[in-house]
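K.L.:
need a 3D model of the following:
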Amino acid sequence: MYQADDQRYEAMTYVPSGRSGLKLPRIALGLWHNFGDTSEMENMKELCRTAFDHGITYFDLANNYGPPYGSAERNFGRILAEDFRPYRDELVIATKAGYDMWPGPYGNWGSRKYLFASLDQSLGRLGLDYVDIFYHHRMDPETPIEETMTALADIVRSGKALYVGLSNYDGKTMREAAKLLRELHCPFIVNQNRYSIFDRTIERNGLKEAAVAEGKGIVAFSPLCQGLLTEKYLHGIPEDSRIRRDGRFLKEKSLTEEKLAAIRDLHELAEKRGQTLAEMALAWDLKDGAITSTIIGASRPEQILDNIKALENTSFTKEELERIDEISFRPGVQGLVR
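P.N.:
Predicted coordinates for the structure are as follows:
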């Protein structure tokens, strides 16, 4: 039977999500990859145990994480039941709905019907009565925002979620949603958006600025740009890389000459800072108070331990930030080829 490390809270830092009372670890574990039915259960357990033993209390899921859809929640539900049931009150478990989940008109986007049905299914797979955070996963161009936000508020009132969050929203839409949720007395405390040196969209679309103004946290996902901001691709594409193992989201054509040159220059800067490229990239996400937590993915427990080392130095000199900006904004560096 798994027994959590007694020293698990000594090294991790926890900060409030925006102007809320919920503190999140600066590093969270995402289950987007490596928790589907194509992964080994024992490795999944080791990832979760390693994370929790080192103070990572926030585990991030979505209804359609897998593959196949739903399998990450089902597998994590088994891990909860077998290893973490005694520690449930020490965990922040989040899931989401908003992308396609089942066939037909009711398994996608942001309708009241979809959100309620999806969360009920998620709770069943997880074996839980409630989640700590329930996110709407993306903006819906067709469903009235009032319907989506009222559904989120009613979900909290039903006891099936303690807090709500919004994922992949822009600043303008988030502000509109925040106003509605405030009027509904719904505890909206966090945004989740892609943010890395290679993807600074939230700086351009107003989300980062709006979150600070509204007193909402930001949890950043893909801080390593799906592995590009590591040493893994400095000398080509390894056979055990995500590009080779699972090309659904990170494609070989994303590794352009412009990206490779930027990776090499960032690696050189990281070495001067006494960090790995991954450590520096995570530290860069956490360099100011706007980002509450950053979500890491891992296929091996050692990667979790390596990433936690980023917390040892999240300060940057003016010159270092200017150098990162120069590299980051070169033509062809921002974003991925999808």
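K.L.:
any stretches of the chain with poor pLDDT?
P.N.:
Within the chain, the segments meeting pLDDT under 70 span 237-252, 337-338.
K.L.:
which helix is the longest one in it?
P.N.:
Looking across the chain with DSSP state H, the single longest helix is helix 257-273.
K.L.:
other SSEs contacting that helix?
P.N.:
Packing contacts for helix 257-273, counted by 3 or more C-beta pairs under 8 Å, 6 or more residues apart in numbering; DSSP states H and E, involve helix 277-285, helix 318-328. No exception for glycine: its C-beta is placed from N, CA and C like everyone else's.
K.L.:
from start to finish, how long is stretch 309-318 in a straight line?
P.N.:
The first and last residues of stretch 309-318 sit 22 Å apart, counting by C-alpha to C-alpha, to the nearest Å.
K.L.:
okay, the angle between the longest helix of the chain and helix 318-328?
P.N.:
160 degrees (axes from the mean of the first three to the mean of the last three C-alpha atoms, to 10 degrees).
K.L.:
which residues sit against helix 257-273?
P.N.:
When contacts are defined by C-beta atoms under 8 Å, 6 or more residues apart in numbering, helix 257-273 is touched by residues 197-198, 228-229, 231, 233-234, 276-277, 279-281, 313, 320, 323-324, 327-328, 330-333.
K.L.:
now that helix: buried residues?
P.N.:
Using 16 or more other C-beta atoms under 10 Å as the burial criterion, the residues of helix 257-273 that qualify are 259, 262-263, 265-267, 269-270.
K.L.:
the inter-axis angle of that helix versus helix 277-285?
P.N.:
Counting by the same axes, to 10 degrees, helix 257-273 points 90 degrees away from the direction of helix 277-285.
K.L.:
now find how far off-centre helix 257-273 is within its chain.
P.N.:
Between the mean C-alpha location of helix 257-273 and the chain-wide mean there is a distance of 24 Å, by C-alpha atoms, centre = their mean, to the nearest Å.
K.L.:
can you say which of the helices and strands packed on helix 257-273 is nearest to residue 79?
P.N.:
Residue 79 lies closest, by C-beta to C-beta, to one member of the helices and strands packed on helix 257-273: helix 277-285, at 24.3 Å.
K.L.:
which other helices and strands does the helix or strand following that closest one contact?
P.N.:
Beyond helix 277-285 in the direction of the C-terminus, DSSP states H and E gives the next helix or strand as strand 293-296. Counting by 3+ C-beta pairs under 8 Å, 6+ apart, the packing neighbours recorded for strand 293-296 are strand 27-30, strand 217-221, helix 277-285, helix 301-308.
K.L.:
can you tell me which of those is nearest to residue 16?
P.N.:
Put simply, out of the helices and strands packed on strand 293-296 the one that sits nearest residue 16 is strand 217-221, at 7.4 Å, with distance taken as C-beta to C-beta.
K.L.:
one step back: got a markdown table for the helices and strands packed on helix 257-273, with mean neighbour count too?
P.N.:
Conversion of the helices and strands packed on helix 257-273 to a markdown table gives the following (neighbours: other C-beta atoms under 10 Å):
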| stretch | mean neighbour count |
| --- | --- |
| helix 277-285 | 24 |
| helix 318-328 | 14 |
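K.L.:
can I get those helices in a markdown table with distance to residue 102?
P.N.:
Output for the helices and strands packed on helix 257-273, formatted as a markdown table (distance: least, C-beta to C-beta, whole Å):
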| stretch | distance to residue 102 |
| --- | --- |
| helix 277-285 | 33 |
| helix 318-328 | 39 |
